[in-house]
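>>> The sequence and its predicted three-dimensional model are supplied below.
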Amino acid sequence: YAQEIAPVPGSSILDTKIAREVAIETALYKRDASMETAFQNLEKNSLQAPSNPQTTTLPETIPSLWEKLRFNETFLGLHGYVETRSYFNLHKNNDKFYYYQLRNNLRLKKELNFTPQLNALASLDGQLYYFLNSDDGFQNKDSWIKPWELYLDYFKDKLDIRVGQQLIRWGKSDEVNPTDVFTPEDLSEFFNNVERAKRKIPIPAVKSNYYFGEDSEYAVETIWLPFFKRTRFDFAGGNWEPYLSRYYRSLGLKFLNDKGPDHNLGHSSFATKFKKQGEDYDVSLSYSYHYSETPALEVDALNGTVSYIYPRQHTIGSDFETVLGKFGIRGEGAYTTKTPFVSYSPDVPKLVVYRDALNYIVGVDYTFSNNLYTNIQYAQQFIPLYPKDLATQRLEDSVVWRITKDFLRETLTFKTTGRYYLSTQDFVG
């Protein structure tokens, strides 16, 4: 049955493993339904007087045990993970010296299937964060447990709708996604929590997909974000506080409240995407009207203050994915208006310049026979109307990579990821 499952409309051509898992779960569900029917028949027979006194019947407790198992599957079938990350600081900054950091993350989720057309998901996110520094010793810095994703899914013919707090990820490339610019992520550990999927933060949204075509090979996705939610950064003085923020604080400038746009429908965002899935390729065109997820830091030199500004932006983008033999090939690009850039010129008001920017990335991945996976990508950013004295060069290019190798029957994984900027010779990894 798992081999005969039809592709899910809108799924990626590289999602065959996921499709197979769905098929297996469906087959198991059918098996469970058959077992439940058998138990019901056994219960019915056990209540009848046996025609032969020597006949042995199943105890009446078995059907009740089955119902308990079904209850546990429905209401207690939680999934999730616990992750621990340790950091040792080898360099001292201008503030407190954080020798050691211990971050523990918990994620639990529960899926509920009410009807074939109506599903739900609820999840919790927890963090326990300890640090050891030169002034305060070892102490708890930040801990919480809070709702994470909470949404309803509705399916009807060729339409599916998701309403609630949800994770939204766009783009085909690995880690660097120029089209995915309108939903927040967690950069409190910079890029050390390297998987972008784990860095994304859920946001209240309404998302729909409508499939059409002979084999539902076309789809239109629409997303409405009623409220703005900003990207999360490390606290002031933390190891991963953005450099510009740390620099302005060292000058004694006062930071004003980082509220972001007010929470009203006038500040909502909208995005749409047209998708085409072929036999051996995926391609899409997208547009989004949104706020910048990372703020511009505008300096008021007279008052000695720094303001967080989130400009309104338009983003037009496209992505693709295909296979060539055993190679996976993908690319993505986007043109975004009013992108903030830092200026060194004293003649520039508030030391920020807003310019349109073009970002694009192409890459290839390959899995060798010894289960060594390699993913290499080349990215560029280009500023068409380039003014003088920008901290950013007009054309900046970089190489992004991810290499993994499994050992001990996939119980131990070696992974290295990073990004090297060719134009500035900076490295992140």
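Arrived safely.

>>> In this protein, where's the longest strand?
Taking DSSP state E as the criterion, the chain has its longest strand at strand 137-156.

>>> so what secondary structure elements neighbour that one?
With contacts taken as 3 or more Cβ pairs under 8 Å, 6 or more residues apart in numbering; DSSP states H and E, strand 137-156 sits against strand 98-115, strand 118-133, strand 159-166. The way it works is simple: take the backbone N, C-alpha and C, and place the C-beta from them, glycine included.

>>> Only the buried residues of that strand, if you could.
Going by neighbour count (16 or more other Cβ atoms under 10 Å), the buried part of strand 137-156 is 141, 148, 149, 150, 151, 153.

>>> just stretch 341-360 next, same as before
Of the residues in stretch 341-360, 341, 342, 343, 348, 351, 352, 353, 355, 357, 358, 359, 360 count as buried by neighbour count, 16+ other Cβ under 10 Å.

>>> In JSON lines, list the residues you listed along with distance to residue 424 and secondary structure.
Below are the buried residues of stretch 341-360 laid out as JSON lines (distance: Cβ to Cβ, whole Å; DSSP: H, G, I helix; E, B strand; the rest coil):
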{"residue": "341", "distance to residue 424": "14", "secondary structure": "strand"}
{"residue": "342", "distance to residue 424": "14", "secondary structure": "strand"}
{"residue": "343", "distance to residue 424": "17", "secondary structure": "strand"}
{"residue": "348", "distance to residue 424": "21", "secondary structure": "coil"}
{"residue": "351", "distance to residue 424": "19", "secondary structure": "helix"}
{"residue": "352", "distance to residue 424": "20", "secondary structure": "strand"}
{"residue": "353", "distance to residue 424": "18", "secondary structure": "strand"}
{"residue": "355", "distance to residue 424": "18", "secondary structure": "strand"}
{"residue": "357", "distance to residue 424": "16", "secondary structure": "strand"}
{"residue": "358", "distance to residue 424": "18", "secondary structure": "strand"}
{"residue": "359", "distance to residue 424": "16", "secondary structure": "strand"}
{"residue": "360", "distance to residue 424": "18", "secondary structure": "strand"}
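
>>> related to what we said a few turns ago, tabulate the helices and strands packed on strand 137-156 (CSV), appending distance to residue 371.
Formatted as CSV, the entries for the helices and strands packed on strand 137-156 read as follows, by distance: least, Cβ to Cβ, whole Å:
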stretch, distance to residue 371
strand 98-115, 27
strand 118-133, 31
strand 159-166, 33
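
>>> By mean pLDDT, show me the worst of those.
Lowest mean pLDDT within the helices and strands packed on strand 137-156: strand 98-115, a mean of 85.

>>> partners of that strand in the sheet?
strand 79-88 (antiparallel), strand 118-133 (antiparallel) (DSSP bridges).

>>> Export those strands as TSV, with columns for mean neighbour count and distance to residue 365.
Formatted as TSV, the strands paired with strand 98-115 follow (neighbours: other Cβ atoms under 10 Å; distance: least, Cβ to Cβ, whole Å):
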stretch	mean neighbour count	distance to residue 365
strand 79-88	11	24
strand 118-133	17	29
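
>>> any chance of the ones you listed in CSV, with distance to residue 278 too?
Formatted as CSV, the strands paired with strand 98-115 follow (distance: least, Cβ to Cβ, whole Å):
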stretch, distance to residue 278
strand 79-88, 33
strand 118-133, 28
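
>>> and the gap between residue 207 and residue 166?
Noted for residue 207: a distance of 7 Å to residue 166, by Cβ to Cβ, to the nearest Å.

>>> before we move on, the earlier item: return the closest of the buried residues of stretch 341-360 with respect to residue 222.
residue 359 (23.2 Å; Cβ to Cβ).

>>> Let me see the confidence value for that closest one.
Per-residue pLDDT puts residue 359 at 97.

>>> give me the beta-bridge partners of it?
Note on residue 359: beta-bridge partners by DSSP bridges are residue 334, residue 381.

>>> so what's it up against?
Contacts for residue 359 (Cβ atoms under 8 Å, 6 or more residues apart in numbering) come out as 178, 333, 334, 336, 379, 380, 381, 382.

>>> at 6 Å what do you get?
By Cβ atoms under 6 Å, 6 or more residues apart in numbering, residue 359 lies in contact with 178, 334, 381.

>>> can you check residue 113 too?
residue 119 are the contacts of residue 113 under Cβ under 6 Å, 6+ apart.

>>> Could you list the low-confidence segments of the stretch 101-250 of the chain?
133-137, 191-194 (pLDDT under 70).

>>> one more time with 90, if that's ok
Counting by pLDDT under 90, the stretch 101-250 of the chain has low-confidence residues at 101-105, 127-144, 175, 186-199, 214, 232-243, 246.

>>> got the contact list for the residue most central in space within the chain?
Nearest to the mean C-alpha position of the chain, counting by Cα atoms, centre = their mean, stands residue 197 at 3.0 Å. By Cβ under 6 Å, 6+ apart, residue 197 lies in contact with nothing.

>>> after whatever helix or strand it lives in, next one along is what?
Using DSSP states H and E, residue 197 falls within helix 196-199. Downstream of helix 196-199, the next assigned helix or strand under DSSP H and E is strand 203-212.
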